[in-house]
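>>> Need a 3D model of the sequence below.
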Amino acid sequence: MMTPCTIASAPGKVLLAGGYLVLEQAFTGLVVGTSARFYTVIRPSSQASTTTPGTVTVLSPQFEQASWTYQAIATNEKLAFHSITTESQNKFVETCLKFSLDVILQRIGSHALNEKLAQGIEITIVGDNDFYSQRAQLEAKHLENNAESLASLDPFCKTHATLGSVHKTGLGSSAALTTSLVAALLLFFQVVGHELNKKEKTLIHNLAQFVHCFAQGKVGSGFDVSSAVWGSHRYKRFNPAILTPIMDEHVDAAILSKALDADNTEWDNEVAPFTLPPGLDLMLADIDAGSHTPTLVGKVLAWKKANPDEANALWNELGKYNSLVEHHFRQLTSLYHDDGEEYNTTIQTCAQLKCTEWETAVSGKVGKELVSLVHDFNHVRGLLQKMSELSGVPIEPKEQTHLLDTCTQVPGVVMSGVPGAGGYDAIFCIVLSNQSKHAVRKVWESWKDLSVGPLLSQADSNGVTSVSLLSVPGLADTLTSK
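All right, here's what the predicted structure looks like:
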C-alpha cells in the first residue's frame with residue numbers, strides 16, 4: 001500500500017512577448033504557462049525505523065547520480081541544516097530546503113517542525129518529458145524525432161544524463177522545480193491548505209522568487225517563477241530592492257520570513273491573468289543547439305549600457321508593440337464573447353489561408369484584429385532582429401529567421417517566434433487548426449539547417465496546484481522504480 005503523500009505541481013513557461021524588457025519595471029511581459037509540469041512528492045521515509053530524525057532525502061529519478069541527503073533539526077526556534085551528501089550538490093534543492101524550512105519554522109515552531117521530521121522525509125522531484133530533449137531516448141529506441149514517437153515514451157522517462165549534462169528545452173525547469181518544491185514543503189508542513197488561495201499562492205511566489213534568485217546568484221526578472229505560480233498572465237516585475245538586502249546565506253530567519261510574507265506590500269509585481277483566444281493553439285519546438293540565457297542577457301545589457309540612446313529608443317518601440325500584441329489577443333477573446341458565430345467562421349476561413357492572404361480574404365472585426373495581430377507581431381520580430389544586429393547577440397539568429405519565416409507561410413499560422421531571450425533554444429508557433437499544426441510539424445521534421453524537435457506541450461493557464469498521486473499518469477511508478 002502506498003504511503004500517504006503530499007504533491008505540488010507547477011508549470012513551465014513561454015514568454016511570448018517581453019524578452020529583455022521584462023527586466024525593467026517600466027515594461028511588461030506576456031507569459032503563457034504550459035501543460036508540461038514539475039511535480040514534487042513528499043512522504044515519510046520508507047526506512048523510517050532506521051532513519052535518523054530530521055533526515056531529508058531528495059531523489060530525482062530521471063537523472064544519474066541524483067540523490068541528496070540533508071539533516072534538519074530545530075532548537076529554540078533556530079534551524080540547524082546541513083548537507084550529508086558529499087559527492088554531488090544541487091544548489092536549487094539545497095537553497096530551497098534551507099530557506100523554506102527557515103520560513104516554515106517561523107510559522108509553526110520547533111516542536112511541530114521536528115515532529116513532522118521525526119521519522120525522516122523522502123522528497124521525489126520529476127518533470128514532464130518536454131523539459132528535456134528526448135533525442136537520446138528516441139535514438140536508443142530507433143524512433144524518429146516526431147510527435148508520435150514522443151507520445152509513445154513513458155511519462156517522466158530517464159534522461160540518461162546528469163543534471164549538469166542534460167539538454168534542457170527552455171521551458172523554465174529550474175523555476176517550475178523550485179516552485180513545486182516550495183509549494184510541496186509549505187503543504188506538507190501545513191503552512192498552506194490544499195485549495196491554495198490567493199494569499200497562500202502569494203507566499204509561495206515570494207518564497208520561490210527569493211530561493212530561485214539566491215540559487216542563481218542574482219535577482220532576475222522573476223517572470224518564470226511568476227508563471228509557475230500564477231499560470232498565464234501579463235507580468236510586471238517586482239522592485240529588485242525587495243530581495244537585494246536579504247540575499248545573504250546567514251540572513252536572520254525572522255527578517256527573511258517577514259520580507260517574504262504575503263502581506264508585505266513592498267512586493268509591487270503585477271499579474272493580469274491571460275489566456276490565448278479560443279481557436280488559437282500554441283506549438284513548441286526544441287532546437288538542438290542551445291543557448292545560455294544569462295550570457296545572452298548579459299551581452300544585451302552591456303550593449304544597452306554602452307549605447308543608451310539607441311537602445312532606449314528601440315526598447316520603447318518594442319515595449320509599445322509588445323503591448324499591442326497583447327491587446328489584439330485580448331480583443332479577439334472579447335470578440336468571441338460578443339459574436340461566437342462570426343468569430344468561428346473567420347477563424348475557419350483564415351485556417352485555410354496564409355496569414356499574408358487574410359487582409360483581402362476576410363472582413364469584419366475579427367478579421368481586422370487577426371491582421372493587426374500578425375502585422376504588429378511581425379514588427380516585434382523585426383525589432384528583435386534589429387536588436388540582434390546592433391548588440392551582436394543572436395536573439396533571433398539568421399538560421400532561426402529562415403525557419404520561422406517558413407513556418408509563417410503555412411496556412412493557418414498566426415505567428416512564429418523565439419520565446420524569451422531567444423537564441424537557439426526553442427521556437428513557438430500559434431496556429432488556427434489541427435491541420436495547420438500537422439503541416440508545421442512536417443516543416444520541422446524535414447528541416448535540414450537546424451535539428452528541430454517537436455514538444456508536446458500546449459498552452460495551459462493553470463499555475464501551482466496541489467494534486468493527488470493517481471491523477472497524474474506515471475507518477476506513482478516513479479516512486480516505486482528508484
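
>>> So which bits of the helix or strand encompassing Phe99 are buried?
Assessed by DSSP states H and E, Phe99 sits inside helix 91-117. Buried residues in helix 91-117, counting neighbours by 16 or more other C-beta atoms under 10 Å, are found at 92-107, 113-114, 116-117. Glycine gets a C-beta too; all of them are placed from N, C-alpha and C.

>>> Check stretch 189-199 too.
189, 191-192, 196.

>>> for stretch 70-79, same thing?
For stretch 70-79, burial by neighbour count (16+ other C-beta under 10 Å) applies to 70-74, 79.

>>> Could you list the low-pLDDT ranges of this structure?
1-2, 48-49, 86, 289-294, 481-482 (pLDDT under 70).

>>> Longest strand of it, counting residues only.
Across the chain, the longest stretch assigned as strand under DSSP state E is strand 29-44.

>>> Identify all contacting residues around the helix or strand just after that strand.
On the C-terminal side of strand 29-44, the nearest following helix or strand under DSSP H and E is strand 55-59. The contact list for strand 55-59 (C-beta atoms under 8 Å, 6 or more residues apart in numbering) reads 45, 66-72, 84, 90, 93, 97, 117, 120-125, 482.

>>> picking up where we left off before, what about the buried residues of stretch 70-79, which are in strands?
Among the buried residues of stretch 70-79, the residues falling in strands (DSSP E) are 70-74, 79.

>>> And the furthest pair within these?
Within those, two members stand farthest from each other by C-beta to C-beta: Tyr70 and Ala74, at 13.5 Å.

>>> OK, contacts around Leu324?
372, 376.

>>> thinking again about what came up before, the helix holding Phe99 vs strand 55-59, what angle?
Relative orientation of helix 91-117 versus strand 55-59 (axes from the mean of the first three to the mean of the last three C-alpha atoms, to 10 degrees): 140 degrees.

>>> Next, the angle from helix 91-117 to strand 29-44.
Interaxial angle of helix 91-117 relative to strand 29-44 (the same axes, to 10 degrees): 40 degrees.

>>> measure Ser372 to Val31 for me?
Per C-beta to C-beta, to the nearest Å, Ser372 is found 22 Å from Val31.

>>> out of these two, which sits in the busier spot?
Neighbour comparison, Ser372 and Val31: the larger count goes to Val31, with 28 against 17 (by other C-beta atoms under 10 Å).

>>> name the element the residue lying closest to the more buried one once chain neighbours are set aside belongs to?
Spatial nearest neighbour of Val31, excluding adjacent residues (C-beta to C-beta, 6 or more residues apart in numbering): Ser227 at 4.5 Å. Here Ser227 sits within helix 223-230, counting by DSSP H and E.

>>> Any idea how far the next helix or strand after that helix is from the middle of the chain?
Next helix or strand after helix 223-230 toward the C-terminus (DSSP H and E): strand 233-236. Put simply, strand 233-236 sits 13 Å off its chain's centre (C-alpha atoms, centre = their mean, to the nearest Å).
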